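Engineer: when you get a sec, could you give me coordinates for this:
(2 chains, ligands or ions: 2)
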Amino acid sequence: MAVVSVQHVTKLFVRDEGEPTVALKDVNLEIEEKQFICIVGASGCGKTTLLRIIAGLETTTEGSILLNGSPVEGTDTDRGMVFQEYSLFPWKSVIDNIAFSLEMQGIPKAERREKAEKYLKIIHLEQFRDAYPHELSGGMRQRVAIARALANEPKVLLMDEPFGALDAQTRNVMQRELLEIWAETQKTIIFVTHSVDEAVFLADKIVILSPRPGKIEEVISVDLPRMRHRTAPKFAELRKHILESMEKSATIR
Amino acid sequence: MRTTKKNTYRNILIPFASVAAVIIIWQIVAVYVVGNTFKLPSFTEVVAAFITDMFGSRGTLPEDIAVSLYHFAIGMAASLIVGIPTGICMGWFRDIDIALNPIVEIIRPIPPLAWIPFAIIWFGLTHAAAGFIIFIGAVFPIIINTYTGFRNVPKVFIEAGKVLGCTKNSSLITKIGFPSAIPEMTAGIRVSMGIGWMCLVGAEIFGAGTGKYGLGKNLWTYYNLHQMDSVVVYMLVLGVIGIIIDILFRHYVNKQTVRWQNNME
Ligand SMILES: Nc1ncnc2c1ncn2[C@@H]1O[C@H](COP(=O)(O)OP(=O)(O)OP(=O)(O)O)[C@@H](O)[C@H]1O
Ligand SMILES: [Mg+2]
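Structural biologist: Ligands and ions are numbered 1, 2, ... in the order given. Below you'll find the model as predicted:
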C-alpha cells in the first residue's frame, strides 16, 4: 500500500479580482514506502503548493491526501518539511533547533539535547553544536534544517528545493549526503526541484508537473544504480527525455 | 595594540575633556558674566547644594530618588503587564487588532499629562496616581512595538513550528512569536522607559503623588523657594538616573540576545 496517496487534488487560489489561479488540477499520485520521489517542473507550476498540501500547511479545493490510508488534516509530526528558504529559528543554537520538536513533545532539556546529538552526527556538524544560524553557511543551515525535520522521526520527509540557494559544488555534496541520510534513516522522501539533473541523480521516481494548470505530465521510474554518475550515457539520456517532456508540456499552450 | 591604545585615548579622554570644558565655561559665565545665582547658579554652588541635599540633615534627595523610582516602577510594571499582552493579542489575532486598533489610536495622541486631573480623581494623592501617568506615557510604545513584532514574525518560522508539532496558538505565541518579536519589543520598552521618565517629572510637579517626596515634586518646591542651585541638582540627578536606567536595560538585553541577534540589525 502507498504511504502517501494524492487523490484528485485540485487547488484554486481565489484572488480579489480576476480569474482564480488554478495551481493544481486533478493531481493523482501514489508514493510507496522508502521511495525517493522528485517532483520537477517549471517555476509556478504548483510544486510548492502540492508539497504544502501534503504537509497540511494548505488545504485542497477538491480531493484529498491519504497517509497510510487515512486522510490528513493539518500538519502532524508524521510529515517533516524542509523549506525552500532558510527556516531555522535564529534565536536557538544548532542543537536546540534540532531538538525543537522534542521540546514540543515535552522532553526535558538535557534528554532532548542528547537525542538531538544523533542527528547532529548524521549531518556531520558536531563542532557547530552551539553555533547560532547566522554563524552558518547556507549549506550548513539546510543540513541543520534536515536534521531538525528528522529529529521528529516523521514517516515522510518533504523537501522544497532545499538546495536551490546553494552553489553547484555545495549542491552536489549535499545531494550525496542526502542519499546517505536517506539510506541510513529509511525515510520516504518527496523532493521538489526544478533541476532535472538533481532529480535524475536522486530519485527512484520522477514526477513531471506541467504548468497552468499544474497537472502531472509524466511519471518516470529511474532504475540506475546509486551512486549515479552524471557523465554516464544513461544519465544523459534520461535527462534529455525529461527536458523534452517538460518543454513539450510548456509549449502546448 | 597601538590602535586600541589610541582608541582608549579617544573614547575616554576626549569626552572627559569636553565635559570639563563645559563645566569651566559654565563656572566662568555664572560668576563673571551673569553674576546672579537665581538666574544661573554656578557649578560650585550646585556641587555645594548637592552635598546639602544629599547628605545634609534637611536634604531630601535620597527620599526623593527612592519615591520617584517607586513611581516609575509602578508605571512601568503596569505598562508591561497591560502593554505586552495587548500587543501580542493585536499582533496575533486579526479580529482583536480590528477591534482594539481604533481605541488605541484615539487614546494614544492624548498627551499623558492631560490625564493628571483624572489620575488624581481616580487614585487620590497617592503614588499610584503618579504611576498612572507614567503608565499612560509608557504603555503605547510597548503595545505598538509588541504588535509590530508579532505582526512581522516570518511566516516560514510559524510554518516550520507547525510542522514540528507546535500547533496550538498558545505554544506558537510563546515558542515562535515571542522570541521572534523580542528585538522589536525590547526597542519599544526602551523608548517607553524614556517617555515614562519624562512623564514622571510632570506628574509630580502637577501634584500626582503623595505630595511630599519625589524628584519632580521637590524640584518644583526648590523653584518656589528660589533655590535654583538645588533645582539644577535635581535636573542633573533626573538626567543621570535616566541614563543609568537606559544603560542597565541595554546591558541586560544585550546579555540575553546579542548572540543570536548579531547580524540581524
Ligand atoms: N498563497 C497564494 N495565493 C495566491 N496564489 C498562489 C499562492 N501560492 C501559490 N500561488 C500561485 O499558484 C501557482 C503555483 O505556485 P507554486 O508556488 O506552487 O509554484 P512552484 O512550482 O513552487 O514555483 P517555483 O519553482 O517558482 O517555486 C503560481 O501561479 C502562484 O502564483
Ligand atoms: Mg516553489
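
Engineer: mind listing what's buried in the one helix or strand in chain A whose mean pLDDT sits lowest?
Structural biologist: The helix or strand of chain A with the lowest confidence, counting by mean pLDDT, DSSP states H and E, is helix A:233-251 at a mean of 86. Judged by neighbour count (16 or more other C-beta atoms under 10 Å in any protein chain shown), helix A:233-251 contains these buried residues: A:235, A:238-239, A:241-242, A:245-246, A:249. C-beta coordinates here come from the backbone N, C-alpha and C atoms, glycine included.

Engineer: show me the two of those residues that sit farthest apart.
Structural biologist: Within these, two members stand farthest from each other by C-beta to C-beta: A:F235 and A:S249, at 21.8 Å.

Engineer: hmm, back to that, nearest to ligand 1 among the buried residues of helix A:233-251?
Structural biologist: Distance to ligand 1 across those (C-beta to the nearest ligand atom) is lowest for A:M246, with 12.1 Å.

Engineer: so residue 25: helix, strand or coil?
Structural biologist: Picked chain A for this. Classification of A:K25 by DSSP: H, G, I helix; E, B strand; the rest coil places it in strand.

Engineer: nearest residue to it in space, please, no chain neighbours.
Structural biologist: Closest residue to A:K25 apart from its sequence neighbours, by C-beta to C-beta, 6 or more residues apart in numbering or on different chains: A:P213 at 3.8 Å.

Engineer: can you show me the strands along chain A?
Structural biologist: A:4-13, A:21-31, A:36-41, A:62-67, A:70-71, A:79-82, A:156-160, A:188-192, A:205-210, A:215-221 (DSSP state E).

Engineer: number of nearby residues for the closest residue to ligand 1 within the stretch 151-253 of chain A?
Structural biologist: Ligand 1 sits closest to A:H194 of the stretch 151-253 of chain A, with a gap of 5.2 Å, by C-beta to the nearest ligand atom. Neighbours of A:H194 under the rule other C-beta atoms under 10 Å in any protein chain shown: 17.

Engineer: identify the residues contacting it.
Structural biologist: When contacts are counted by C-beta atoms under 8 Å, 6 or more residues apart in numbering or on different chains, A:H194 touches A:40-43, A:47, A:161, A:164.

Engineer: and the pLDDT at the closest residue to ligand 1 within the stretch 51-200 of chain B?
Structural biologist: Per C-beta to the nearest ligand atom, B:K155 is where the stretch 51-200 of chain B lies closest to ligand 1, at 10.0 Å. Per-residue confidence (pLDDT) for B:K155: 94.

Engineer: and the residue nearest the centre of the chain?
Structural biologist: Unless you meant another one, I'm taking chain A. Among the residues of chain A, the one closest to the centroid is A:M159, at 1.7 Å (C-alpha atoms, centre = their mean).

Engineer: the chain in question should be chain B.
Structural biologist: Centroid-nearest residue in chain B, with C-alpha atoms, centre = their mean: B:M193, separated by 2.4 Å.

Engineer: ok, and the closest non-adjacent residue to it?
Structural biologist: If the residues on either side of it in the chain are set aside, B:M193 comes closest to B:I245, at 5.9 Å by C-beta to C-beta, 6+ apart.

Engineer: ok, the one you found - how many residues close by?
Structural biologist: So B:I245, with other C-beta under 10 Å, has 18 neighbours.

Engineer: what's the answer for B:I158, then?
Structural biologist: Neighbours around B:I158, by other C-beta under 10 Å: 17.

Engineer: contacts only, for it.
Structural biologist: Listed by C-beta under 8 Å, 6+ apart, the contact set of B:I158 reads B:172, B:176-177.

Engineer: again, 10 Å this time
Structural biologist: Contacts of B:I158 were listed using C-beta atoms under 10 Å, 6 or more residues apart in numbering or on different chains, and they are A:57, A:87, B:166, B:172, B:176-177, B:180.

Engineer: isn't A:V192 right up against A:A55?
Structural biologist: No: using C-beta atoms under 10 Å, A:V192 makes no contact with A:A55, being 11.3 Å away.

Engineer: list residues touching both of those two?
Structural biologist: Common neighbours of A:V192 and A:A55, counting by C-beta under 10 Å, 6+ apart, are A:158, A:160.

Engineer: related to what we said a few turns ago, and the pLDDT for the residue nearest to A:K25?
Structural biologist: We have a pLDDT of 85 for A:P213.

Engineer: and for B:Q256?
Structural biologist: 77.

Engineer: can you tell me which of the strands of chain A is packed in deepest?
Structural biologist: With neighbours defined as mean count of other C-beta atoms under 10 Å in any protein chain shown, the strands of chain A peak in mean count at strand A:79-82, which reaches a mean of 27.

Engineer: now do that one: distance to the chain's middle.
Structural biologist: Distance of strand A:79-82 from the chain centroid (C-alpha atoms, centre = their mean, to the nearest Å) equals 7 Å.

Engineer: this completes my enquiry, with thanks.
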